[in-house]
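Enquirer: attaching a predicted model along with its sequence, questions to come.
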2 protein chains.
Amino acid sequence: MKIKVFIVDDHYMVIEGIRSLLQNERSIEWTGHATNAASCLAFLRQEQPDVILMDINLPDINGIDLCKEVKQKYPSVFIIGLSTFNQLSFIQKMMDSGASGYVLKNASQEELMEAIETAAKGKTYFSDEASKTLQKSESASVILTRREKEVLELIAEGLTNNVIAQKLFISPATVDTHRKNLLAKLEAKNTASLVRIATQLQLI
Amino acid sequence: MKIKVFIVDDHYMVIEGIRSLLQNERSIEWTGHATNAASCLAFLRQEQPDVILMDINLPDINGIDLCKEVKQKYPSVFIIGLSTFNQLSFIQKMMDSGASGYVLKNASQEELMEAIETAAKGKTYFSDEASKTLQKSESASVILTRREKEVLELIAEGLTNNVIAQKLFISPATVDTHRKNLLAKLEAKNTASLVRIATQLQLI
DNA sequence: AAACCTATCCCTGAAAAACAGGATTTTTAT
DNA sequence: ATAAAAATCCTGTTTTTCAGGGATAGGTTT
């Protein structure tokens, strides 16, 4: 049984590259590609592959939200995140959205094949560099809670406590508490340094 | 006479993709690839292609500096910048370093061919999206004054207006004015989004 | 020389955030 | 079951930021 593979990436060169890397693999069946989220979803209504290689940076919807949506509608499809960026935040968000792995675009053919085969079995695969990033983060990082991450994102977007409170359906006082905890955890003096440190730690 | 093309990109998939896109082109001679700046320079000591497709994000030296170095040593080699990012700062820096064009990685085969052929003649080529970005920029680029940059740095470090004022030997009210102008120039609502936008624009 | 621009400088008052020091309820993990 | 962790909410004070203004020094253009 061949593994049916589909690709979503807005870079034509990457699609061609992956096609070229996989074309001689007998265990792989290339079912097609999409350059945006909309046509990916359209394809899935007709036919479901076993594994989707999904870029995170897409023109219409970002890969993280697309991943969530696909997994919700077609739980049996396994998704591998594909990105140029070896960024903790991306990897984490992709995995939180139900992905079965994460591969960088500088991956070798071997890595790519291993990722696809592992994902097809329902297991999780990370490319070498991505798993290094995950390890580093575990030892030397601040651990933020789900809510704190949400609040941090919104703070960085320039929203005030009151607006954030409305968005998250909580009291402004609660937002203030999360903010306080963020400042403490990241050892920031104020909002400015908070955002700065957060970007340096690639939290946002 | 075939055009000798060489590629520098740390993404294996992109190299494969370009190779695949160009392999049926009779006017192109594929001379090889490098995944980092060092091996690119090593190759050039042996042999000079007509056109180099050069990624901006390389593991050792960045593509901009590599471009400068190559143009200095081998002025007859034409370089086309290759990047995922349609960012003005990248395009500008690449052109300042002597590049003959800029192509995004989502370019079609036609665009890529046109870019190579144009560059080989010594002319300049921009992919559709890149030239749009250049046009947009002419109206909307952010120019900060010396003082504004100083204040921006200190804000991002988490210093308050009062402390910044002491550091720069000016009144807190003046710092505040600079701050206001920064908010206006970067179209930020408050300090948080200011720092965010500034990091995104790589101003700090 | 006059008009002009821009960077730099300064002030006030209202709004927002930071800080201190609590407390209660829900989740999560053992 | 229960302890720890996370998320929720409060009151009040201090500090900082933000949105209005306006003024001056130094260079460029006309």
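Expert: Structure received.
Enquirer: so A:Val8 touches A:Asn57, yeah?
Expert: No - the criterion here is C-beta atoms under 8 Å, and A:Val8 misses it with A:Asn57 at 10.7 Å. (C-beta placed from N, C-alpha, C; glycine too.)
Enquirer: next, A:Ile56: phi, psi?
Expert: phi -90, psi -30 (degrees, to the nearest 10).
Enquirer: mind checking how far it is from DNA strand D?
Expert: For A:Ile56, the distance to DNA strand D (C-beta to the nearest atom of the strand, to the nearest Å) stands at 24 Å.
Enquirer: can you check A:Asn36 too?
Expert: A:Asn36 is 33 Å from DNA strand D, by C-beta to the nearest atom of the strand.
Enquirer: check contacts around that residue.
Expert: The neighbours of A:Asn36, taking C-beta atoms under 8 Å, 6 or more residues apart in numbering or on different chains as the test, are A:Val8, A:Asp10, A:Leu58, A:Pro59, A:Asp60.
Enquirer: any chance of a PyMOL selection covering the buried ones in those residues?
Expert: In PyMOL, this line selects whichever of the contacts of A:Asn36 come out buried by 16 or more other C-beta atoms under 10 Å in any protein chain shown:
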select buried, chain A and resi 8+10+58
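Enquirer: can you redo the contacts of A:Asn36 as TSV with secondary structure and distance to A:Lys93?
Expert: What follows is these, written out as TSV (DSSP: H, G, I helix; E, B strand; the rest coil; distance: C-beta to C-beta, whole Å):
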residue	secondary structure	distance to A:Lys93
A:Val8	strand	16
A:Asp10	coil	18
A:Leu58	coil	14
A:Pro59	coil	18
A:Asp60	coil	18
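Enquirer: pull the number of nearby residues for the closest residue to A:Ser171 other than its chain neighbours.
Expert: Sequence neighbours aside, A:Ala165 is the residue nearest to A:Ser171 in space, at 5.9 Å (criterion: C-beta to C-beta, 6 or more residues apart in numbering or on different chains). Using other C-beta atoms under 10 Å in any protein chain shown, A:Ala165 has 19 neighbouring residues.
Enquirer: A:Ala165: which element?
Expert: Secondary structure assignment for A:Ala165, by DSSP states H and E: helix A:161-168.
Enquirer: try A:Val175
Expert: Element membership for A:Val175, per DSSP H and E: helix A:172-185.
Enquirer: can you name the residue of chain A nearest DNA strand D?
Expert: A:Thr145 (2.5 Å; C-beta to the nearest atom of the strand).
Enquirer: for that residue, grab phi and psi.
Expert: The phi/psi pair for A:Thr145 (degrees, to the nearest 10) is phi -80, psi 170.
Enquirer: ditto for A:Asp10
Expert: Dihedral angles (degrees, to the nearest 10) for A:Asp10: phi -90, psi 0.
Enquirer: I figured it was touching A:Ile61, is that so?
Expert: No - assessed by C-beta under 8 Å, A:Asp10 is found out of contact with A:Ile61, at 11.4 Å.
Enquirer: for the nearest residue to A:Phe6 once chain neighbours are set aside, helix, strand, or coil?
Expert: What sits nearest to A:Phe6 in space, not counting adjacent residues and going by C-beta to C-beta, 6+ apart, is A:Pro49, at 4.0 Å. Recorded secondary structure, A:Pro49: coil (DSSP: H, G, I helix; E, B strand; the rest coil).
Enquirer: give the burial count for the closest residue to DNA strand C within chain A, as a bare number.
Expert: Nearest residue of chain A to DNA strand C (C-beta to the nearest atom of the strand) works out as A:Thr160 at 3.0 Å. For A:Thr160, the count of nearby residues is 15 (other C-beta under 10 Å).
Enquirer: cool, and the one 3 residues further on?
Expert: A:Val163 has 15 neighbouring residues, counting by other C-beta under 10 Å.
Enquirer: quick one, what contacts it?
Expert: Contacts of A:Val163 (C-beta under 8 Å, 6+ apart): A:Leu154.
Enquirer: where's the residue lying farthest from the centre of chain A relative to B:Asn190, distance?
Expert: Distance from the C-alpha centroid of chain A peaks at A:Ala173, with 31.1 Å (C-alpha atoms, centre = their mean). Shown here: A:Ala173 relative to B:Asn190, a distance of 20 Å by C-beta to C-beta, to the nearest Å.
Enquirer: hang on, the earlier thing: got the confidence number for the residue of chain A closest to DNA strand C?
Expert: According to the prediction, A:Thr160 has pLDDT 89.
Enquirer: before we move on, what about A:Ala99?
Expert: Confidence score, pLDDT, at A:Ala99: 89.
Enquirer: which positions in chain A make contact with DNA strand C?
Expert: Residues of chain A lying close to DNA strand C by C-beta under 7 Å from any atom of the strand are A:Thr160, A:Asn161, A:Asn162, A:Asp176, A:Thr177, A:Arg179, A:Lys180, A:Leu183, A:Lys189, A:Asn190, A:Thr191, A:Leu194.
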